[in-house]
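Student: got a structure for you, letters missing:
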């Protein structure tokens, strides 16, 4: 019995991966996360103009609920906002000269999922060349529908690839 030795416990296992495969998997996962983060950041930056336009649209909303000249001014600003939004996404040569039916066709062609939002916008396009008194007489509900259509087109239009 005196010749027996105590049991020696083995050293604890290492937490470091024992094979090179886990190192490769870890590096690939890290690269995939970095790539995904970069893509999300690019998408977020590419949609800055949409966020700015929707924020400005919110400021115009209160003016559209008023009657008379203030509503007419807000409707004209709404048409201008729509054009500036398109100019932010497409080249100036493509968008700047559009008006009337060609502008409506452009909005429809690039509406994406918001194609049903174009008819209220077409009414705005047709009446923006009228006198301000005609715009001031627009019913409040029609103004709200136009703002909703504008918001939808801004949020859902198909911009050209960057």
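Tutor: Arrived safely, thanks for sending. Owing to the predicted nature of the structure, the values given are computational and were not obtained by experimental measurement. Numbering: from 1, shown residues only.
Student: going forward, measure contacts and count neighbours with C-alpha atoms only.
Tutor: OK.
Student: from the middle of its chain, how far away would stretch 19-32 be?
Tutor: Here stretch 19-32 shows a centroid-to-chain-centroid distance of 34 Å under the convention C-alpha atoms, centre = their mean, to the nearest Å.
Student: For the chain, which segments count as helices?
Tutor: For the chain, the helices defined by DSSP state H cover 20-46, 48-64, 69-89, 92-95, 100-109, 118-127, 132-136, 140-156.
Student: list the helices and strands the shortest one packs on?
Tutor: This means helix 92-95. If contacts are counted by 3 or more C-alpha pairs under 8 Å, 6 or more residues apart in numbering; DSSP states H and E, helix 92-95 sits against helix 69-89.
Student: what angle sits between the helix it packs on and helix 20-46?
Tutor: The directions of helix 69-89 and helix 20-46 differ by 140 degrees, with axes from the mean of the first three to the mean of the last three C-alpha atoms, to 10 degrees as the criterion.
Student: what packs against helix 69-89?
Tutor: Contact analysis of helix 69-89 by 3+ C-alpha pairs under 8 Å, 6+ apart lists helix 48-64, helix 92-95, helix 118-127, helix 132-136, helix 140-156 as its packing neighbours.
Student: related to what we said a few turns ago, okay, the helices of the chain in CSV with mean pLDDT and distance to residue 8 next?
Tutor: Below are those laid out as CSV (pLDDT from 0 to 100; distance: least, C-alpha to C-alpha, whole Å):
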stretch, mean pLDDT, distance to residue 8
helix 20-46, 94, 30
helix 48-64, 91, 65
helix 69-89, 89, 72
helix 92-95, 91, 80
helix 100-109, 89, 78
helix 118-127, 83, 80
helix 132-136, 77, 93
helix 140-156, 89, 69
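Student: which one of those lies closest to residue 10?
Tutor: Counting by C-alpha to C-alpha, residue 10 lies closest to helix 20-46 out of these; the figure is 23.7 Å.
Student: Please identify the buried residues of that closest one?
Tutor: Along helix 20-46, no position meets the burial threshold by neighbour count (16 or more other C-alpha atoms under 10 Å).
Student: What angle do helix 48-64 and that helix make with each other?
Tutor: 40 degrees.
Student: Distance from the chain centre to helix 20-46, please.
Tutor: Taking C-alpha atoms, centre = their mean, one finds helix 20-46 lying 23 Å from the centre of the chain it belongs to.
Student: and residue 69, how far is that from residue 63?
Tutor: Here the distance between residue 69 and residue 63 works out to 10 Å (C-alpha to C-alpha, to the nearest Å).
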